[in-house]
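Trainee: Starting from these lines, generate the structure:
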Amino acid sequence: MWRVWVGLLLFATPVRAEENATAYEALRVIGNLCTPDGQLAPPETVKSVGVGTRVRMVFSDVSAGIALPQWTIDETAPQPDKPWRYAQE
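Mentor: Have a look, this model is predicted:
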């Protein structure tokens, strides 16, 4: 009985959330900042990104059939002049 009920909750939750979604809700995916070819971004690139920077997802191959989602700056999207960041050194 519990297995069926939990399954129904898991399937119903995304549908319900989508009906009540606001402009500030979105899918959240964790990943590293990388270059477009999937290599980790250099420190100067990392220091230039902040809230509002437009990024796109790229995938780094880990092994056959397995890839990690990573982020790279989207060169085709308009970028903010000065993205918001916490104060740094």
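Trainee: pLDDT on stretch 32-48, on average?
Mentor: Summarised as a single mean, pLDDT over stretch 32-48 is 89.
Trainee: for that stretch, how far is the first residue from the last?
Mentor: Counting by Cα to Cα, to the nearest Å, you get 14 Å between the two ends of stretch 32-48.
Trainee: hmm, who's touching that stretch?
Mentor: 49, 55, 58-61, 70-73, 75, 83, 88 (Cβ atoms under 8 Å, 6 or more residues apart in numbering). C-betas here are computed from N, CA, C, even on glycine.
Trainee: By neighbours, which of those wins?
Mentor: Taking other Cβ atoms under 10 Å as the neighbour criterion, Q70 ranks highest of those with 23 neighbours.
Trainee: Setting aside sequence neighbours, what's the nearest residue to that one?
Mentor: Using Cβ to Cβ, 6 or more residues apart in numbering and skipping the chain neighbours, the partner closest in space to Q70 is C34 (4.2 Å).
Trainee: Who does the one you found form a beta bridge with?
Mentor: L40 (DSSP bridges).
Trainee: Likewise for V58?
Mentor: Under the criterion used here (DSSP bridges), V58 is bridged to Q70.
Trainee: Tell me the helix or strand right after the lowest-mean-pLDDT helix or strand in the chain.
Mentor: In the chain, no helix or strand scores lower on mean pLDDT, DSSP states H and E than helix 2-19, which sits at a mean of 45. Moving toward the C-terminus from helix 2-19, the next helix or strand (DSSP states H and E) is helix 43-48.
Trainee: chain center to that following helix: distance?
Mentor: 18 Å (Cα atoms, centre = their mean, to the nearest Å).
Trainee: try stretch 55-70
Mentor: With Cα atoms, centre = their mean as the basis, the mean position of stretch 55-70 lies at 12 Å from the chain mean.
Trainee: ok, now stretch 54-70?
Mentor: That offset, for stretch 54-70, works out to 11 Å (Cα atoms, centre = their mean).
Trainee: And stretch 53-61, by the same measure?
Mentor: In terms of Cα atoms, centre = their mean, the centre of stretch 53-61 is found 8 Å from the chain centre.
Trainee: Looking at it now, give me its mean pLDDT.
Mentor: 90.
Trainee: Quick check: R85 touching V51?
Mentor: Yes: using Cβ atoms under 8 Å, R85 is in contact with V51, at 7.2 Å.
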